[in-house]
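>>> Predicted model and sequence follow; I will ask about them next.
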Amino acid sequence: MPTIAKSAISSSELGTLWMTYQIKSLMGVFINRFAQDSKDKKARKILENHVKENEKLLNKIEDIYNHEKAVIPEAFTDQDTFDDAPILFDDIFHIMFLRVMMKINLGFNAIHLGMSYREDILDFYESTVKNSQDTYRICTEYLTDQGVLAKPPYVSMPKEVEFIEEKKYMSGMRFFGNKRALNTLEIAYLFQTLEVNIFGMQLMAGFAQVAKEKEIKEYFISGKELAKKIVSNTSSLLLQSDIQPPSTWAGKATDSVVPPFSDKIMMYCTNIMASYSVGNSALGMSFSMRSDLPAKLAITAKDTLDFAREGGKLMIKHKWLEEPPQMEDRSLLTQR
C-alpha cells in the first residue's frame, strides 16, 4: 500500500470512503455466503477470489481510518449471516448478483475517484475500479458460457452517417399514428432497466421468503410487485418497436424460508439496488430523444425513489441505518 499522505483527509473523501466501506462489507457477507453455498466449482472459485480481493480493499479503508484516528464504521459483519440456514439462491443467481453489484461498484467508484485528491485515496479508488472491471468481465464470461445471460437485440449495421432533419424525430406524445422506432441508445438504457428489474424480482422474492419481521417481509413483497410493474412497462415499450423482450432468464430463489441473512443487511442491499435503478432511469431520461420516454422513465424513477424512501424509514425505525460522518454544527457549538 502507498504511504499515507500527510495532507488532511477532506470531507468528501471521508464520506465516500464511509459509503464504500458500507457496500464492500455488505459484499463480503453476501459473497462469502454464496461461495460456501455454491456447488459449481468454477462459480465458487470466482466468488472466493472476489472475497479475498474485497477483504484487501476493506483493509485499505481501515488503514486510512486508523491513520486519521477516525472510528471505523460498524457496517456489516458475520453477525448478519446465519450458517445453519439452507441455500436461498442457486449458483447462477450467485454470479448474477456479483455481476450486478460490480455494475453498481463501477459507477460509484468512478464517481468517488473524481471526488478524491489525496494520493493514497486516488490509488485506492483506481484499484477498486480495476477490481470491479475484472470481476464484471469474469462474471459476464461465465454467464455467457452457461448460455443464461440475455443480451440486447442485434441491429443492422449503419451504412452511412445520417442527421436528424425533422422535429417529429423527437415526438412521442402523439395520440394518433405510430411512434418512430427506438434508436440503439434508447434501447440500451431500456434494456438495462429491464435487466436490473428482472434480477430485482428474483432478489425480492428470495428476501420476502426469509424476512423475519412482518413489515420487512411486506416491504420486499411490494418491491417484487414494483419490479414486475417496471418489467411489464419496459417490455411494452420494446414491443412497440417490434423488439422481443428477453424470454429466458436463469438464476432464482430456492423454496427455503429460513433466513441466511439478517433483515438489516437485506434491507440495505435493497436500498443500494433501488438507488442504482433510480440512477439508471435518470441516465435513460437524459439520453432519450423521443419525448414520451423521459416521461415514462420519470415515473419509473419516482416509483423507485418512493420505494427506497419507505425502506429508509423502516431502517431508521429499527435502528439499522448507520449515520455518515457529520460536519460540525457551528450553530449548536456557539450555544454552549
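All right, it came through fine. Residues are numbered from 1 along each chain as shown.
>>> Could you tell me the per-residue confidence at Gln335?
With respect to pLDDT, Gln335 has a value of 69.
>>> should've said Leu237
As predicted, Leu237 sits at a pLDDT of 89.
>>> Okay, and it sits in which element?
Element membership for Leu237 (DSSP states H and E) is helix 214-240.
>>> what's the angle between the helix or strand just after that helix and helix 214-240?
Note on helix 214-240: by DSSP H and E, the next helix or strand toward the C-terminus is helix 263-287. With axes from the mean of the first three to the mean of the last three C-alpha atoms, to 10 degrees defining the directions, helix 263-287 sits at 30 degrees from helix 214-240.
>>> tell me what helix 263-287 is packed against?
Packing partners of helix 263-287 (3 or more C-beta pairs under 8 Å, 6 or more residues apart in numbering; DSSP states H and E): helix 11-37, helix 91-113, helix 184-210, helix 214-240, helix 292-317. Every residue, glycine included, has its C-beta placed from N, CA and C.
>>> what mean pLDDT would you report for that helix?
93.
>>> Tabulate the helices and strands packed on helix 263-287 (JSON lines), appending distance to Leu47.
Below are those laid out as JSON lines (distance: least, C-beta to C-beta, whole Å):
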{"stretch": "helix 11-37", "distance to Leu47": "4"}
{"stretch": "helix 91-113", "distance to Leu47": "6"}
{"stretch": "helix 184-210", "distance to Leu47": "17"}
{"stretch": "helix 214-240", "distance to Leu47": "23"}
{"stretch": "helix 292-317", "distance to Leu47": "26"}
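>>> and these as TSV, adding distance to Glu160 and mean neighbour count?
As requested, the helices and strands packed on helix 263-287 are exported to TSV (distance: least, C-beta to C-beta, whole Å; neighbours: other C-beta atoms under 10 Å):
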stretch	distance to Glu160	mean neighbour count
helix 11-37	45	20
helix 91-113	34	21
helix 184-210	16	21
helix 214-240	26	17
helix 292-317	26	17
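>>> of these, which approaches Asp255 most closely?
Nearest to Asp255, of all the helices and strands packed on helix 263-287, is helix 184-210, at 7.8 Å by C-beta to C-beta.
>>> What is that closest one packed up against?
Applying 3+ C-beta pairs under 8 Å, 6+ apart, one finds that helix 184-210 contacts helix 91-113, helix 214-240, helix 263-287, helix 292-317.
>>> for the stretch 201-336 of the chain, which spans come out with low pLDDT?
Residues of the stretch 201-336 of the chain meeting the criterion pLDDT under 70: 247-249, 328-336.
>>> go with 90
Residues of the stretch 201-336 of the chain that meet the criterion pLDDT under 90 lie in 237-252, 280, 282-295, 325-336.
>>> if I look at Ile61, how far off is Thr234?
Distance of Ile61 to Thr234, computed by C-beta to C-beta, to the nearest Å: 36 Å.
>>> quick one, domains of the protein?
11-145, 176-317 (automatic domain parsing).
>>> For Met157, find the nearest of those.
domain 176-317 (10.6 Å).
>>> The helix holding Leu237 vs helix 292-317, what angle?
Here the directions of helix 214-240 and helix 292-317 differ by 170 degrees (the same axes, to 10 degrees).
>>> Offset the numbering so it begins at 43, please.
Yep, numbering from 43; the last one is helix 256-282 now.
>>> helices and strands around helix 256-282, which ones?
Checking 3+ C-beta pairs under 8 Å, 6+ apart, helix 256-282 ends up next to helix 226-252, helix 305-329, helix 334-359.
>>> Let's have these in CSV, adding distance to Met212.
Formatted as CSV, these follow (distance: least, C-beta to C-beta, whole Å):
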stretch, distance to Met212
helix 226-252, 11
helix 305-329, 13
helix 334-359, 10
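>>> Let me know which of the ones you listed is the nearest to Lys294.
Across the helices and strands packed on helix 256-282, closest to Lys294 is helix 226-252 (C-beta to C-beta), at 5.2 Å.
>>> now that closest one: how far from the chain's centre is it?
10 Å (C-alpha atoms, centre = their mean, to the nearest Å).
>>> and if you look at stretch 119-131?
Distance, centroid of stretch 119-131 to centroid of chain: 21 Å (C-alpha atoms, centre = their mean).
>>> residues in contact with that stretch?
Defining contact as C-beta atoms under 8 Å, 6 or more residues apart in numbering, one finds that stretch 119-131 is touched by 67, 71, 74-76, 79, 139, 244, 248, 251-252, 293-296, 298, 300-304, 306-307.
>>> possible to save the domains of the chain as a markdown table with distance to Met369?
Formatted as a markdown table, those follow (distance: least, C-beta to C-beta, whole Å):
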| stretch | distance to Met369 |
| --- | --- |
| domain 53-187 | 7 |
| domain 218-359 | 20 |
